[in-house]
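A.B. asks: After the sequence you'll find the predicted model.
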Amino acid sequence: MSDPVNKDGVAVFIPLKSEAKKAVWLNIRLPEDVLREVDAYE
């Protein structure tokens with residue numbers, strides 16, 4: 001969000017419960033505290 005075009009942007013997480021059992025590879029970088037919150041989400 002360092003791009004000036006996105007200066008008013010907001011990052012959000014949208015909770016989603018899914019019946020999907022298949023894991024997918026996701027290659028992203030997150031701050032450690034955010035990753036801990038994602039991992040703790042039930």
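C.D. replies: In hand now; what should we look at?
A.B. asks: residues contacting the spatially most central residue of the chain?
C.D. replies: The centroid of the chain falls nearest to F13 when counting by CA atoms, centre = their mean (5.7 Å). Contact partners of F13, counting by CB atoms under 8 Å, 6 or more residues apart in numbering, are V38. Where you see a C-beta, it was placed from the backbone N, CA and C, and this is true even at glycine.
A.B. asks: That one in helix, strand or coil?
C.D. replies: Taking DSSP: H, G, I helix; E, B strand; the rest coil as the rule, one finds F13 in the coil state.
A.B. asks: What distance do you get for it to E19?
C.D. replies: When distance is defined by CB to CB, to the nearest Å, F13 is 20 Å away from E19.
A.B. asks: Could you do W25 as well?
C.D. replies: Distance from W25 to E19, counting by CB to CB: 20 Å.
A.B. asks: again with L30
C.D. replies: Remark: distance between L30 and E19 (CB to CB) = 25 Å.
A.B. asks: Which one's more surrounded, the two?
C.D. replies: For L30 and E19, the more surrounded residue by other CB atoms under 10 Å is L30, and the numbers stand at 10 against 4.
A.B. asks: Give me the phi and psi angles of K22.
C.D. replies: According to degrees, to the nearest 10, the main-chain angles of K22 amount to phi -80, psi 130.
A.B. asks: Local confidence estimate at it?
C.D. replies: On the pLDDT scale, K22 is placed at 83.
A.B. asks: Count the residues that sit near it.
C.D. replies: Neighbours of K22 using other CB under 10 Å come to 5.
A.B. asks: what's the answer for D3, then?
C.D. replies: Burial measure for D3: 7 neighbouring residues, criterion other CB under 10 Å.
A.B. asks: From G9, how far off is it?
C.D. replies: Here D3 is placed at a distance of 9 Å from G9 (CB to CB).
A.B. asks: same thing with A20?
C.D. replies: Distance of A20 to G9, given as CB to CB: 28 Å.
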